[in-house]
Structure formats: C-alpha cells, structure tokens
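Visitor: Structure of the sequence below:
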Amino acid sequence: MPKVSKGTGILIILLIIGSIFGSLLGEALSGFVPFLTYGRSVGLSPTTIDLASVTITLGLILKLNIASIIGFFFTLFIYTRL
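Guide: Below is the predicted model of the structure:
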C-alpha cells in the first residue's frame, strides 16, 4: 500500500469538509434556489453481523447533491491556490 503524504491527507479532509459545508448551505438556501438540493444517494445498504455477544451493523450511503459538488470543487480550487 503506498504511503499517503501529509498534503494528501489534509486535501481529503478539506474536500470532505467542503462537501458537507456545500450540502448544508444548499439545504439552507433550498427555499430560494431549489435546484441545489437535487441529487442522488449512492451506497451500500446496512448489513448486520450478529456474533452472539456483539452485533455490528455496517453500511455506507453518500448523498450527493449539486450544492455538495459545488462545495467540493470550491474547496479544491482554494486548496490549489494555497
């Protein structure tokens, strides 16, 4: 497995934060600009593993909308300028 440099780790964290911020901003502005909340959900449905004493539920769903994609690319643009 290749090593991840410090800059790459920070970039990934910033892109996730940018997507979350864009999604929150899109939800806040949905009354004025309704197309920002248009999107799709992509992921894996929850799977439950029962081990008698421990039950584990695993799942992953990404809710992509236009606002989160705008936030993603805005953060990428800012990161490349720094």
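Visitor: which residues does the residue lying closest to I66 once chain neighbours are set aside contact?
Guide: Distances taken as CB to CB, 6 or more residues apart in numbering put L36 closest to I66, at 5.2 Å, once the chain neighbours are dropped. C-beta here means a position set from N, CA and C on the backbone, and glycine is covered the same way. By CB atoms under 8 Å, 6 or more residues apart in numbering, L36 lies in contact with L25, G26, L29, S30, N65, I66, A67, I70.
Visitor: quick one, what contacts the last one?
Guide: Read that as I70. I70 neighbours (CB under 8 Å, 6+ apart): G22, G26, L36.
Visitor: Is it possible to get a markdown table of these that adds pLDDT, distance to I78 and secondary structure?
Guide: What follows is the contacts of I70, written out as a markdown table (pLDDT from 0 to 100; distance: CB to CB, whole Å; DSSP: H, G, I helix; E, B strand; the rest coil):
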| residue | pLDDT | distance to I78 | secondary structure |
| --- | --- | --- | --- |
| G22 | 92 | 12 | helix |
| G26 | 90 | 18 | helix |
| L36 | 86 | 19 | helix |
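Visitor: Buried ones in stretch 36-49, by neighbour count?
Guide: L36, T37, G39 (16 or more other CB atoms under 10 Å).
Visitor: how close does the first one sit to L14?
Guide: By that I understand L36. 21 Å (CB to CB, to the nearest Å).
Visitor: The residue in the chain sticking out farthest from the centre sits in which helix or strand?
Guide: Computed with CA atoms, centre = their mean, the residue of the chain farthest from its C-alpha average is A52, at 33.3 Å. Counting by DSSP states H and E, there is no helix or strand that carries A52.
Visitor: where does it sit relative to T75, distance-wise?
Guide: Using CB to CB, one obtains 44 Å as the distance from A52 to T75.
Visitor: do G59 as well
Guide: 26 Å.
Visitor: More neighbours: those two, which one.
Guide: Just comparing G59 and T75: by other CB atoms under 10 Å the higher neighbour count belongs to T75, 20 against 10.
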